[in-house]
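# here's a sequence, model it:
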Amino acid sequence: MPRIFLVEQDASLREWCRQHLGTAGIAVAPFDDGQRALEALRGEPPDLFLIDSEIGGLGAFALAAAIRSNVRCAHVPLVFLVPSQDPAKLAQALAIEPGGALTKPLTRDVLLESVRARLGASAGDSDADRHARAAHAPAAAPARGTASGALLETKRATVLAVTVRNFVSLAKAMPATSLDRMLVEFGTQAREAVFESGGWIVRGDATQFVALFEETPGESRRHAGRAIDAALGIVRGTRLAKRWADLNLPTARAMDISIGCGIHTGEVIVARLTVGGHLVPGIAGPSAELAPRLEGRAKSLHWSIACAEATAVEAGSRFAIGQRSSLTDTDHGVVIPIVEIGGYAPAAARASDLARIGEVREALLANTLLSRLAGDVDSATADRTLVVRPGRPVTGERPSIPGRVVERQLRRGERVETWLAKAEGSERMEVIRWVRLASVPPAFLDGFLREYGKLAEVLHRHVVALYEVGSTDTAGFVALEYLDGPTLGESIRGSLPVGRALNAIAQACMAVHSMHQAGIVHGGLGLESFRFRSDQSLVLTDFNVTRRVENRLSSPAAALLPARRDYAALGGLLHAMLTGERTVADRTTEGADGEPLRAASRLPVSLLPVQPILDGLLGIAPERPMDDAQDLMLALFAINESFPLDTPSGASASPRAA
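Next up, the predicted model:
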């Protein structure tokens, strides 16, 4: 009798599924949350998982990731139960398990037909039988084959697309012979990374290639993980090629190679033809088309490696996940969740791997930086790109500010320009926010300067220093402390250590409390509102002034925001830091609160002592919401024995004294 693990929090639907599947000769083990199902996996794995996409606690897709990372049940098929009115969850479910989603409400016939289809004709086979069949499935052939003629088959595999992004810049800056030698060295490094991971290079030229990774007998790693391994090795290869060029091309100035990678797992049509004793593969199908598009999406997001989220889940927990986004597949009308690969997860590293992991991390940081610089953007601008230089293009007239030398433009908004300047007579760098009188109504400029005048009274270590609020004949401006550390959003790669996350939220709460004491409600706190100093202390750097002034001018009553909104936003930031998931933070940034956040904000069981603090900040706790920095500090002190704050070392005095 086949056996199913049913994870469904609705007791009536859980019992309905159990009864109908039982009458069809299928044994059902019901669970009301994912954590209980994972604990049951210590025994015999089931033949199929039936998972409700709306389960609380661990969450359906996190449960799927845990199942796929467990070697004992990695091949067990999944079926998700998804509400028909939730296309985003349906797309994510299909990305994880193509063909493995049912929409609710559903009928008995649909349920039985889908379950029988996923179990297959031999639904009664044991787990050992299924793994034996998987081990003898068709797999990758060697680089040199003895087969003759053509071989065409359809299989599940992973496709890796790699592109050299700054070829035009390299060609402009280096002699052709030197560039040729450096690209040959990079090509050698890239091929070795692919071959070491058991992949094929199916097509390519000097600036791009596509590799295929299939299941291979005797190989314990899944093809998704091997493709990500190869991509990380290729990024590392850019640094090795640059290092080689610096040593072997002394007369030429070697430039960094900027590359992008896209990785997708799915159905691939593989055609092999023996030519001159060599087995030459060719591929087609959805994954072969989507992998290059993922590389293009990675370029627009300034990522080094973009990977379909389903591929990352299948690859397991060895890799660090960075930011999340999506790719719209217009051909099939679906939205594919994608993630940034940020290197190897330190927790999964072995001592012998540490040196290579460090090199990969360094290479990823350098390559990601290159993706943000001016370079080969498109054919219209590439022929004018002579060198790769940091900074953004300057638009508009450079401002003239008393006592400061303006260096470059950082950002240009519709109303406010942001510039980097140096104070005359010192080495102090400042951020200048500049509003031209000709581009805004006088009421906006008055409100802008008035708001920053109130902020000048907020003297707190965790609020960015404000040096001057002033105006000229043509504009108004404010001068702020310049911080070049990462934003809070950029620092979240997967999740932060618990102690550091709690320390960061304490600092953020103190910054918000100091603003509230000055009569200022931010109203739009998000992950990009905070930035780290060099001593790792967290600083509020964005005050939402432009939006608040615009709201006040358009609707004075609507501009009066409650302080509760800022504390709810802090709850969203805490959830993001602890889990790496930004959904709650995005909701609270838009002002959502109350019951809709309750299910989405559940923390893992291991963080249960922190849950009351999160609920208090979000305002969904049974008791009084947490609306004061003192309340938060008392709550953190109460759990300090279990989760001590990770206090940054080397803290320095506030820069306001400068």
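
# any idea how far Cys307 is from the most centrally placed residue in the chain?
Taking C-alpha atoms, centre = their mean, the centroid of the chain lies closest to Gln323, which sits 1.4 Å from it. As judged by C-beta to C-beta, to the nearest Å, Gln323 and Cys307 stand 12 Å apart. C-beta coordinates here come from the backbone N, C-alpha and C atoms, glycine included.

# cool, and Ile338?
The value you get for Ile338 to Cys307, if C-beta to C-beta is used, is 6 Å.

# more neighbours, the two?
Cys307 (31 against 27; other C-beta atoms under 10 Å).

# and the more buried one, what element?
Using DSSP states H and E, Cys307 maps to strand 305-308.

# same question, Ala508
Assigned by DSSP H and E, Ala508 belongs to helix 498-517.

# and the top strand by length along the chain, what does it pack against?
Longest strand in the chain, counting residues (DSSP state E): strand 259-275. Secondary-structure packing of strand 259-275 (3 or more C-beta pairs under 8 Å, 6 or more residues apart in numbering; DSSP states H and E): strand 150-164, helix 223-248, strand 278-284, helix 286-301, strand 305-308, helix 309-315.

# and those, which is most packed in?
Comparing the helices and strands packed on strand 259-275 by mean neighbour count (mean count of other C-beta atoms under 10 Å), strand 305-308 comes out on top with a mean of 29.

# against Ala95, how distant is Arg428?
Counting by C-beta to C-beta, the separation of Arg428 from Ala95 is 49 Å.

# out of those two, which sits in the more crowded spot?
Between Arg428 and Ala95, Ala95 has the larger neighbour count (other C-beta under 10 Å), namely 26 against 16.

# now do the SS call for the more buried one.
Here Ala95 is helix, with the state taken from DSSP: H, G, I helix; E, B strand; the rest coil.

# mind checking pLDDT for it?
At Ala95, the predicted lDDT confidence score is 77.

# can we start the residue count at 52 from this point?
Sure, I'll start numbering at 52, so the last one becomes Ala146.

# okay, now the domains of this protein?
54-185, 210-316+335-422, 455-532, 541-708 (automatic domain parsing).

# on that earlier part again, list residues touching both of Gln374 and Cys358?
Shared contacts of Gln374 and Cys358 (C-beta atoms under 8 Å, 6 or more residues apart in numbering): Val390, Glu391.

# can you verify my assumption that Arg484 contacts Val529?
Yes. In terms of C-beta atoms under 8 Å, Arg484 counts as a neighbour of Val529; the distance is 5.0 Å.

# which one's more surrounded, those two?
Val529 (26 against 22).

# show me what that one bridges to in the sheet.
Arg484, Val520 (DSSP bridges).

# mind listing what it touches?
Val529 sits next to Ile483, Arg484, Leu500, Tyr503, Leu517, Glu519, Val520, Gly521 when contact means C-beta under 8 Å, 6+ apart.

# quick check, nearest of these to Asp535?
Closest to Asp535 out of these is Ile483 (15.2 Å), distances taken as C-beta to C-beta.

# the closest one: how many residues sit nearby?
23.

# show me how far stretch 580-590 is from its chain's centre.
20 Å (C-alpha atoms, centre = their mean, to the nearest Å).

# correction: stretch 128-144
The answer for stretch 128-144 is 21 Å, by C-alpha atoms, centre = their mean.

# could you tell me the end-to-end distance of that stretch?
12 Å (C-alpha to C-alpha, to the nearest Å).

# which parts of it are buried?
Within stretch 128-144, the residues scored as buried using 16 or more other C-beta atoms under 10 Å are Pro128, Leu129, Val130, Phe131, Leu132, Val133, Lys140, Leu141, Ala142, Gln143, Ala144.

# in strands only, show me those.
Leu129, Val130, Phe131, Leu132, Val133.

# in a markdown table: those residues, plus distance to Leu654.
Below are those laid out as a markdown table (distance: C-beta to C-beta, whole Å):
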| residue | distance to Leu654 |
| --- | --- |
| Leu129 | 24 |
| Val130 | 27 |
| Phe131 | 23 |
| Leu132 | 24 |
| Val133 | 24 |
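
# then stretch 108-126 to PDB, C-alphas only?
C-alpha atoms of stretch 108-126 as PDB (Å, rounded to 0.1, in the frame of the first residue of the first chain):
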ATOM      1  CA  GLY A 108       5.100  27.700  11.000                       C
ATOM      2  CA  LEU A 109       7.800  26.300   8.800                       C
ATOM      3  CA  GLY A 110       5.900  27.200   5.600                       C
ATOM      4  CA  ALA A 111       5.200  25.000   2.500                       C
ATOM      5  CA  PHE A 112       8.100  26.000   0.400                       C
ATOM      6  CA  ALA A 113      10.600  25.900   3.200                       C
ATOM      7  CA  LEU A 114       9.300  22.400   4.000                       C
ATOM      8  CA  ALA A 115       9.800  21.500   0.300                       C
ATOM      9  CA  ALA A 116      13.400  22.800   0.600                       C
ATOM     10  CA  ALA A 117      14.000  20.700   3.700                       C
ATOM     11  CA  ILE A 118      12.600  17.600   1.900                       C
ATOM     12  CA  ARG A 119      14.800  18.100  -1.200                       C
ATOM     13  CA  SER A 120      17.900  18.600   1.000                       C
ATOM     14  CA  ASN A 121      17.300  15.300   2.800                       C
ATOM     15  CA  VAL A 122      19.100  12.600   0.900                       C
ATOM     16  CA  ARG A 123      16.600   9.900   2.100                       C
ATOM     17  CA  CYS A 124      13.600  11.600   0.500                       C
ATOM     18  CA  ALA A 125      15.100  14.000  -2.100                       C
ATOM     19  CA  HIS A 126      13.500  12.000  -5.000                       C
END
